[in-house]
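*Asks:* Okay, sequence plus prediction incoming.
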Amino acid sequence: MSHFLDIHKTDPADLRQMISEAGRIKQMRKGLPKGTPDAEQVLANHMVALIFEKPSTRTRVSFDVGVRQMGGQTMVLSGSDMQLGHGETIADTARVLSRYVDMIMIRTFEESTLLEMAEHATVPVINGLTNRTHPCQIMADVLTYEEHNGSIRGKKVVWLGDGNNVAASLIHAAGQFGFDITIAAPETLQPEAEFVNWARNKGVEVVLETNPQQAVEGADLVVTDTWVSMHDSQTTKERRHNQLRAYQVDDALMAHAKPDALFMHCLPAHRGEEVTSSVMDGPQSVIWDEAENRLHAQKAVMRWCLGK
């Protein structure tokens, strides 16, 4: 049994094995109707709890479909269903759930909730997102890059916008998969120094840049995300828009990247804000492959967690 809590907490060889396995799983299903069970029913007779304190489209659907295709069953629980940490402790919830299910995926706010769940669960726990990191998304991103442009090792990846939880996991991936990363963001929205220092200690280049054009120069991959969260206040949203307006990914900015550079966005996107429709729908965009690959990457993660 293994937890999948963060990219930087997982052995690089295991991460590489998961990416390879995800590619194999995707090829195995090529051309099949979506409801067709996998040939390898590795989750047969398994029950997986999917906990959502934060609402979700891609995470919920991709995990649910993935478990079902592998022969398992899901129990979807919202924060209001469980009242995590209110009344019953998270530790006790973890102990109880472990008696009912074979694996737990949790999408939550505080990292401490994830860590306490994992500490006390006796079944694997997967980080479906916290306010600090989003490792499953970045596993899908690495898979997507490599199926289009080959190994990501040694490449230049550029992140534009808020140094948020997705950016944090991308920095972790730089250290584990061996690519260089440039974060283009205002000084007030740069990622946590802890993440940056960790990756630098792994021997990769992490550049913090405020000029978006200079950041994107020679990029192999350009990545962005929404500027605001659904939980942000109107004042916060306005302030973020003012700070990040210059970091919008448009055709002129993409022209600074390499001709074969890819564009990614974890979605949902606010067209016309962090990215233009011409880039989202353009020839360098692989956002729909990226969204699909959440399914395949997370299947590989779940198989690894259960030693399958």
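*Replies:* Nice, thanks for sending it over.
*Asks:* Gly175 contacts Glu205, doesn't it?
*Replies:* No - with contacts defined as CB atoms under 8 Å, Gly175 does not count as touching Glu205, sitting 10.7 Å away. Every C-beta, even on glycine, is put in place using the N, C-alpha and C of the backbone.
*Asks:* quick one: which of these two has more around it?
*Replies:* Gly175 (21 against 12; other CB atoms under 10 Å).
*Asks:* how far away is that one from Phe263?
*Replies:* 23 Å (CB to CB, to the nearest Å).
*Asks:* and if you look at Leu15?
*Replies:* In this view, Leu15 and Phe263 are 23 Å apart by CB to CB.
*Asks:* what's the neighbour count on the residue lying closest to Leu129 once chain neighbours are set aside?
*Replies:* Spatial nearest neighbour of Leu129, excluding adjacent residues (CB to CB, 6 or more residues apart in numbering): Arg107 at 4.7 Å. A count of nearby residues for Arg107, using other CB under 10 Å, gives 23.
*Asks:* Over to Met264?
*Replies:* Applying other CB under 10 Å, we find 25 residues neighbouring Met264.
*Asks:* now do Gly71
*Replies:* Neighbouring residues of Gly71 were enumerated by other CB under 10 Å; the total is 15.
*Asks:* Also the one 3 residues further on?
*Replies:* A total of 21 residues lie near Thr74 under the criterion other CB under 10 Å.
*Asks:* Check for me that it belongs to a helix.
*Replies:* No - the assignment for Thr74, made by DSSP: H, G, I helix; E, B strand; the rest coil, is strand rather than a helix.
*Asks:* Now do the same contact list for it.
*Replies:* Listed by CB atoms under 8 Å, 6 or more residues apart in numbering, the contact partners of Thr74 are Met47, Val48, Ala49, Leu50, Phe63, Asp64, Val67, Arg68.
*Asks:* Likewise for Met264?
*Replies:* With CB under 8 Å, 6+ apart, Met264 has these contacts: Asp141, Thr144, Tyr145, Leu221, Val222, Val223, Thr224, Ser285, Val286, Ile287, Glu290.
*Asks:* can you rerun that using 10 Å?
*Replies:* Residues in contact with Met264 (CB atoms under 10 Å, 6 or more residues apart in numbering) are 137, 140-141, 144-145, 157, 159, 170, 221-225, 284-287, 289-291.
*Asks:* That one: what's its closest spatial neighbour, skipping adjacent residues?
*Replies:* Counting by CB to CB, 6+ apart, the residue nearest Met264 is Val223, at 4.7 Å.
*Asks:* Quick check: the one you found touching Val166?
*Replies:* Yes - taking CB atoms under 10 Å as the definition, Val223 is a contact partner of Val166 at 7.9 Å.
*Asks:* so what's in contact with those two at the same time?
*Replies:* Residues touching both Val223 and Val166 by CB under 10 Å, 6+ apart: Ile138, Asp141, Trp159, His265, Cys266.
*Asks:* Wasn't the third one part of a strand?
*Replies:* Yes - the assignment for Trp159 is a strand, going by three-state DSSP.
*Asks:* Tell me who's in contact with it.
*Replies:* 166-168, 170-171, 174, 181-185, 191, 209, 215, 219, 221-225, 247, 264.
*Asks:* so the residue nearest to Met264 is in which element?
*Replies:* Element membership of Val223 [criterion: DSSP states H and E] is strand 221-224.
*Asks:* Using PDB, write out the CA atom coordinates for the next helix or strand after that strand.
*Replies:* Next in sequence after strand 221-224, counting helices and strands by DSSP H and E, comes helix 234-244. Below are the C-alpha coordinates for helix 234-244, written out as PDB (Å, rounded to 0.1, in the frame of the first residue of the first chain):
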ATOM      1  CA  GLN A 234     -15.000  40.200  -5.700                       C
ATOM      2  CA  THR A 235     -12.300  42.500  -4.400                       C
ATOM      3  CA  THR A 236      -9.700  39.700  -4.600                       C
ATOM      4  CA  LYS A 237     -10.900  38.900  -8.200                       C
ATOM      5  CA  GLU A 238     -10.500  42.500  -9.300                       C
ATOM      6  CA  ARG A 239      -7.100  42.800  -7.700                       C
ATOM      7  CA  ARG A 240      -5.900  39.600  -9.300                       C
ATOM      8  CA  HIS A 241      -7.100  40.700 -12.700                       C
ATOM      9  CA  ASN A 242      -5.200  44.000 -12.400                       C
ATOM     10  CA  GLN A 243      -2.000  42.200 -11.400                       C
ATOM     11  CA  LEU A 244      -2.200  39.500 -14.000                       C
END
